[in-house]
Structure formats: structure tokens, C-alpha cells
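**Q** With the sequence up front, the predicted model follows.
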Amino acid sequence: MSDLRVNLCGVELKNPVIPASGTFGFGREFNELFDISLLGAVATKGLTLLPRAGNPVPRIAESHGVILNAVGLQNPGVESFLENDLAWLRGKTRVIANVAGSTVSDYEKICARLDGKVDFLELNISCPNVKCGGMAFGVRPESIAEVTAAAKKNCPHTPLIVKLSPNVESIASNARAAEEAGADGISLVNTFTGLAIDIERRRPVLANNTGGVSGAGIKPIAVRMVYEAAKAVKIPVVGMGGITCAEDAIEFLMAGATAVQVGTQSFSDTHACLRILEGIDAWCDAHGVEKVSSLTGTLKCN
């Protein structure tokens with residue numbers, strides 16, 4: 001067997017496979033299907049200071065190779081997470097708490113509340129299906145720097161990963177802005193903004209009108225953006241976007257990612273993360289790769 005361990009922001013993960021935020025809840029339901037302690041970490045449902053009911057239905061629309069979601073960060077709030085879910089999840093694997101807010105102050109408060117209690121904080125500044133000001137932080141380098149610096153001051157004991165939006169002019173510039181403002185790592189890509197139309201009603205399918213596009217169809221764009229971001233920074237990169245199999249995950253590693261997050265695929269294949277992990281191990285064995293970490297950034301461009 002290959003050595004599947006990776007070092008992410010100074011923290012060792014047993015392997016590079018992580019369920020993406022918003023697709024795995026807090027892990028309890030999936031743990032009924034397989035032992036989630038086999039995974040490198042779990043990225044939690046996006047957490048806000050107070051509970052959120054999310055957007056009205058319909059929230060999900062399917063298309064060819066992708067889905068659109070406009071769930072709107074429905075979650076029980078950070079205090080419920082601390083009381084009901086954190087201890088159980090920490091007993092299983094590393095915990096990446098995905099956090100969101102409407103203002104810089106929201107991010108400061110939630111990071112301070114979670115500092116030292118989780119293994120990583122993942123700053124969600126780029127969710128395209130939430131109608132609140134904080135989600136616009138992920139668009140411009142200046143606003144990324146502002147919220148990253150404020151959050152980092154309030155989580156001195158916990159590595160801060162900034163989750164970047166693909167709906168931007170330059171992913172490299174935004175990655176550098178996060179790094180220069182104190183981020184310990186970056187993750188990308190979050191979903192693209194999309195629109196699906198019911199042509200019989202001549203109205204959007206989603207009650208929110210637009211939603212975040214994810215799924216296999218976005219993978220080539222996501223791989224390209226991970227490659228550009230990884231070339232622009234020295235901090236670790238977590239890659240995601242359309243991963244459905246081990247070969248997809250290995251593409252992201254070669255493009256510069258230290259670890260990967262698997263999202264939409266878990267909806268159609270509840271064992272996707274475990275299957276991808278096993279596939280990475282088998283691929284490394286077949287290709288004589290002793291350490292999976294040695295794959296990171298090995299793409300040789302023409």
C-alpha cells in the first residue's frame with residue numbers, strides 16, 4: 001500500500017480525500033453507510049452565527065452533467081454544532097468547519113467561537129446562492145484580503161483555509177490576496193453561478209432564480225483554476241469541482257492540490273468518497289507511487 005498521508009497547513013491527514021461542505025452534513029447519516037473515520041477529514045455544512053432556514057423551494061435543479069443548488073446555507077447555527085455535533089465528529093476524523101457570514105464582524109465572531117475547537121476553519125466567502133452581503137467578499141482581491149485578515153486575527157490557534165469563488169476575473173490574484181492577508185491555505189472552486197429556465201412557465205426553475213452549478217461538467221474548469229491558483233501561492237491548496245472518480249482526484253493533485261474535496265458525486269453515489277480513496281490507493285500502487293503527496297504539482301505542461 002502507498003503512504004496516503006498528506007500535510008495540510010501543518011496538520012497531518014491520514015489521506016487526501018475530504019467530503020465537501022454542504023454535501024455531507026455533519027457526517028452522521030453517511031457514517032451509517034460506511035466508517036467515515038477512513039476519510040482524511042470532513043468539511044462541515046456551512047455554519048453561521050445564528051440558525052438559518054435557507055431559501056424557499058424548489059432549491060435543486062438537474063441538468064446535463066451538473067446540478068444547480070440554491071439551498072441558501074440552511075444550518076442549525078454554530079452553537080448547535082458545538083453542542084450536538086463537534087465532539088462526535090472529532091472522534092471520527094479531522095474537522096474542517098466551514099463558516100459564513102454577512103459582515104466582517106460575523107466572520108470575526110464565528111472564527112473566535114470555533115478557534116482551537118476544530119482542526120481547520122474554511123472561510124466561505126463565495127456562496128453564489130445566498131442573498132446577503134458577506135457572500136460578495138469572494139469576488140475582489142481587496143474584499144478577500146479584508147475578511148481574511150479579520151478572520152485570521154480571531155483564529156490564531158486554527159489553520160484558516162479561504163474558499164475561493166470561480167466567478168472572478170483572476171483566480172491567481174484572488175489566491176495571492178488570501179495568502180498575503182494571512183490565509184494558511186486556500187480551497188477552490190466553489191460553485192459557478194447558473195440559471196435554469198422552465199420553458200413552459202417561462203420562469204426560473206429555482207425559487208431563488210439563480211443557483212450554484214456543481215457536478216462532473218465543471219471539472220476541467222476547476223482543474224485549470226486550481227492549477228493557476230497553486231502556481232500563484234506558496235500555501236497549500238485544496239482542490240474540488242466535479243470529482244467523480246479516483247482519476248479525477250489525481251488530476252487535481254497533479255495540478256497542485258494537496259488534498260481534494262468530493263461534493264456532488266456523493267448525492268448519486270453515497271460511497272463516492274470511500275470509492276475514490278480506494279481508487280487513489282490502487283492507482284498509486286499500479287504506478288509505483290510510494291507517497292501520494294509526491295503527486296502534488298507534478299503536471300508537466302506542453
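**A** That came through fine. Residues are numbered from 1 along each chain as shown.
**Q** Please count neighbours and contacts with C-alpha atoms only from this point.
**A** Noted.
**Q** contacting residues around the nearest residue to Thr298 once chain neighbours are set aside?
**A** Once flanking residues are discounted, Thr298 sits nearest to Met254: 4.9 Å by Cα to Cα, 6 or more residues apart in numbering. Listed by Cα atoms under 8 Å, 6 or more residues apart in numbering, the contact partners of Met254 are 295-299.
**Q** sec struct for Met254, please.
**A** helix (DSSP: H, G, I helix; E, B strand; the rest coil).
**Q** nearest spatial neighbour of Asp119, skipping sequence neighbours?
**A** Per Cα to Cα, 6+ apart, closest to Asp119 is Val95, 5.2 Å.
**Q** partner residues bridging that neighbour?
**A** Val42 (DSSP bridges).
**Q** What are the boundaries of the helices in the stretch 51-200 of the chain?
**A** 78-84, 86-90, 104-114, 141-153, 171-180 (DSSP state H, counting those that start in this stretch).
**Q** Output those helices as a markdown table; include the columns mean pLDDT.
**A** Below are the helices of the stretch 51-200 of the chain laid out as a markdown table (pLDDT from 0 to 100):
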| stretch | mean pLDDT |
| --- | --- |
| helix 78-84 | 98 |
| helix 86-90 | 98 |
| helix 104-114 | 95 |
| helix 141-153 | 95 |
| helix 171-180 | 98 |
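**Q** Where do the strands of the stretch 151-300 of the chain begin and end?
**A** Here the stretch 151-300 of the chain has its strands, by DSSP state E, counting those that start in this stretch, at 160-163, 185-188, 192-195, 197-198, 203-204, 210-214, 237-240, 259-262.
**Q** Present these as a markdown table; the columns should include mean neighbour count.
**A** As requested, those are exported to a markdown table (neighbours: other Cα atoms under 10 Å):
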| stretch | mean neighbour count |
| --- | --- |
| strand 160-163 | 29 |
| strand 185-188 | 26 |
| strand 192-195 | 18 |
| strand 197-198 | 12 |
| strand 203-204 | 14 |
| strand 210-214 | 25 |
| strand 237-240 | 30 |
| strand 259-262 | 27 |
